[in-house]
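>>> when you get a sec, could you give me coordinates for this:
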Amino acid sequence: MAESEEEDVLVQRVVKDINNAFKRNPNIDEIGLILCPEARYNRSPIVLVENKLGVESWCVKFLLPYVHNKLLLYRQRKQWLDREALVDITCTLLLLNSDFTTAWNVRKELLQCGALNPERDLYLGKLALTKFPKSPETWIHRRWVLQQVLQECSPPSSDRKEQRDSGLRDAAERTRLSERLHRVLHDEMKVCADAASRYPSNYNAWSHRIWVLQNMAQGNLKVLHDELSSMREWVSMHVSDHSGFHYRQFLLKALVRELSQSMHHHHAPWPSLGSSSPRSPSPDPQPGHPHHQANGEATAAAPCPSPATPEDQSLVPAMPQLFHQEMELCTDLIQSFPGHETLWCHRRHVFYLWHHWRRDHDHHDGQGCGSESPQLNHTDAGLSSYPHTASPRGVGIDRVESRNGQAQEGQNAMEVDGVGVPDPRNTKRLKRGPPDPCPPALPSEHSFIARVLEGCRSPEQGCFALAYRKWLDSVIGQ
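Have a look, this model is predicted:
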């Protein structure tokens, strides 16, 4: 009996030491166990060095059963604990066993009654993931907390009209909520990246990252593009991580979907692969036109789209360039790291996505304006804006661009019907930019496979290349 009381006193001191460590340093970013079979010194088993918190392993066999039984007695209504004690006990328990669902449920109740801050609860989950990066219960609980944050930052739709009419929510409040969401989103991306680096092919972490983008950054092209750019270095260092490449494929799909919806929303034709600037878009939709999100749902509260800006128009020709850059990345990684099936699977997915986008593009062109006329790049677009580029006397654009002024007759001819052309001697000649990137195609893919097989020294690389060629012939080449 006396020994049991001594253990209870010891465990209570350890729980108190853990909570005092968080009070002394609120910036703790990692927890871990310190291998120590027995207590060698008469000191606390909680070690805090800079931003790292360690627990000596000898005390876990006393600490974990104690906090576990305490929480179960509370859930069975056999023992009463105040809110502060519940916060401390669940914190200690989850740092030692993050898959204890009852502890997370207790923290949900504490959060709902206002005894716990959502950001503080997310912080505990972040620390638990440094020791248990695949913990499914931790990821599930994080999604629940994030949903609470979203509800706090966006009031119910029934209240929005009243708030809009009465003006209760001012600009400062909206800015504060927007900054809060941005901060939470940024922290979630860091948590997911850290968990993915701690455990290879961490499916739970990557799935959570997808969920965050779908629910907190839906339709945000900038966030999607930034994620794709930041992931480039990561996948180059983890060439066998299937889950990481699956996340990159999700980003590509989301970008293609959002770019396509953006072009349809502005009634702009699909871009030509040989064109580096889009054609002039049609007039914008009528005010009040619902904005369609990535999941196909229409949100009536979305603002009416403004006229297409140069930044919006720059999205149109980005589609072929997006696929070209991704195929270039696949080529570099396959050649630099031979024998990795993940890279070939990713290349197959990218080409399949490109194939379907191109097919839809051609179908849309067939229903819209024809593509028989040759496409112009950005240097020709300025010249084509003037009517009568060829006069009845046969004066062409090359004569208009003559430097020495010997084409005066051509100038007069260009002024037919009262339409004048600026003096070419007073106008700078536009230089043609670099050629557009070559889009993926079956011949180029077969050439790539032939080059790989020709210099192949890895039997696995040869098998993957042959399997890719067979897939191209059976799926794409039909």
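
>>> burial count for Arg232?
12 (other CB atoms under 10 Å). Where C-beta positions appear, they are placed from N, C-alpha and C, glycine not excepted.

>>> list the contacts of it.
By CB atoms under 8 Å, 6 or more residues apart in numbering, Arg232 lies in contact with Leu329.

>>> which parts of the stretch 201-350 of the chain are strands?
Applying DSSP state E, counting those that start in this stretch to the stretch 201-350 of the chain gives strands spanning 291-292, 298-299.

>>> check Asn97 and give its pLDDT.
pLDDT for Asn97: 95.

>>> re earlier: the strands of the stretch 201-350 of the chain: lowest mean pLDDT?
strand 298-299 (a mean of 35).

>>> please parse the chain into its domains.
1-116, 396-427 (automatic domain parsing).

>>> would you check how far apart the residue lying closest to Val149 once chain neighbours are set aside and Arg174 are?
Distances taken as CB to CB, 6 or more residues apart in numbering put Pro118 closest to Val149, at 5.2 Å, once the chain neighbours are dropped. According to CB to CB, to the nearest Å, Pro118 and Arg174 sit 19 Å apart.

>>> quick one: low-confidence parts of the protein?
Low-confidence segments of the chain, defined by pLDDT under 70: 1-3, 155-169, 263-317, 363-437, 478.

>>> and for the residue nearest to Val149, the neighbour number?
Neighbours of Pro118 (other CB under 10 Å): 17.

>>> kindly report the same for Glu84.
11.

>>> give me the element it is part of.
helix 83-96 (DSSP states H and E).

>>> out of the domains of the chain, which is closest to Ser474?
domain 1-116 (43.5 Å; CB to CB).

>>> which secondary structure elements does the strand or helix carrying Tyr74 contact?
Mapping Tyr74 onto the secondary structure by DSSP H and E places it in helix 60-75. In terms of contacts (3 or more CB pairs under 8 Å, 6 or more residues apart in numbering; DSSP states H and E), helix 60-75 is packed against helix 2-24, helix 83-96, helix 101-112.

>>> tell me which helix or strand comes right after the first one.
Sequence-wise, the next helix or strand beyond helix 2-24 is strand 30-34, with elements assigned using DSSP H and E.

>>> residues touching Val60, list them.
Here Val60 is in contact with Leu33, Leu96 (CB under 8 Å, 6+ apart).

>>> rewinding a little: can you say which of the domains of the chain is packed in most?
Of all the domains of the chain, domain 1-116 carries the top mean neighbour count, a mean of 15, counting by mean count of other CB atoms under 10 Å.

>>> so what's the residue nearest to Val149 up against?
By CB under 8 Å, 6+ apart, the contact set of Pro118 is Leu111, Val145, Gln148, Val149, Glu152.

>>> turn these into TSV, columns for distance to Gln249 and secondary structure.
Compiled in TSV, the contacts of Pro118 are given as follows (distance: CB to CB, whole Å; DSSP: H, G, I helix; E, B strand; the rest coil):
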residue	distance to Gln249	secondary structure
Leu111	34	helix
Val145	27	helix
Gln148	30	helix
Val149	28	helix
Glu152	32	helix
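
>>> which one of those residues sits closest to Ser444?
Using CB to CB, the contacts of Pro118 come closest to Ser444 at Val149, 46.4 Å.

>>> wait, that closest one touches Leu181, no?
Yes. At 7.4 Å, Val149 and Leu181 qualify as touching, with contact defined as CB atoms under 8 Å.

>>> could you tell me the angle between the helix holding Glu84 and strand 30-34?
Inter-element angle recorded for helix 83-96 and strand 30-34: 70 degrees (by axes from the mean of the first three to the mean of the last three CA atoms, to 10 degrees).

>>> only alpha carbons, please: show helix 83-96 as CSV.
Output in CSV follows, covering the C-alpha atoms of helix 83-96 (Å, rounded to 0.1, in the frame of the first residue of the first chain):
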residue,chain,number,x,y,z
ARG,A,83,-11.1,20.8,-16.5
GLU,A,84,-7.5,21.8,-15.8
ALA,A,85,-6.7,18.3,-14.6
LEU,A,86,-8.3,16.7,-17.6
VAL,A,87,-6.2,18.9,-19.9
ASP,A,88,-3.0,17.9,-18.1
ILE,A,89,-3.8,14.2,-18.0
THR,A,90,-4.9,13.9,-21.6
CYS,A,91,-1.8,15.8,-22.7
THR,A,92,0.5,13.4,-20.8
LEU,A,93,-1.4,10.4,-22.0
LEU,A,94,-1.4,11.4,-25.7
LEU,A,95,2.3,12.2,-25.7
LEU,A,96,2.9,8.6,-24.6
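
>>> quick one: contacts of that helix?
Counting by CB under 8 Å, 6+ apart, 14-16, 18-19, 22, 31, 55, 60, 63-64, 67-68, 70-71, 74, 81, 100, 103-104, 106-107, 110, 113, 115-116, 124, 127-128, 131, 138 sit against helix 83-96.

>>> got phi/psi on Leu53?
Here is the backbone geometry of Leu53 (degrees, to the nearest 10): phi -110, psi 120.

>>> correct me if wrong: Ile46 contacts Val55.
Yes. Using CB under 8 Å, Ile46 is in contact with Val55, at 6.1 Å.

>>> list residues touching both of those two?
Shared contacts of Ile46 and Val55, counting by CB under 8 Å, 6+ apart, come down to Ile18.

>>> between the helix holding Glu84 and helix 101-112, how many degrees?
Going by the same axes, to 10 degrees, helix 83-96 makes 140 degrees with helix 101-112.

>>> thank you, goodbye.
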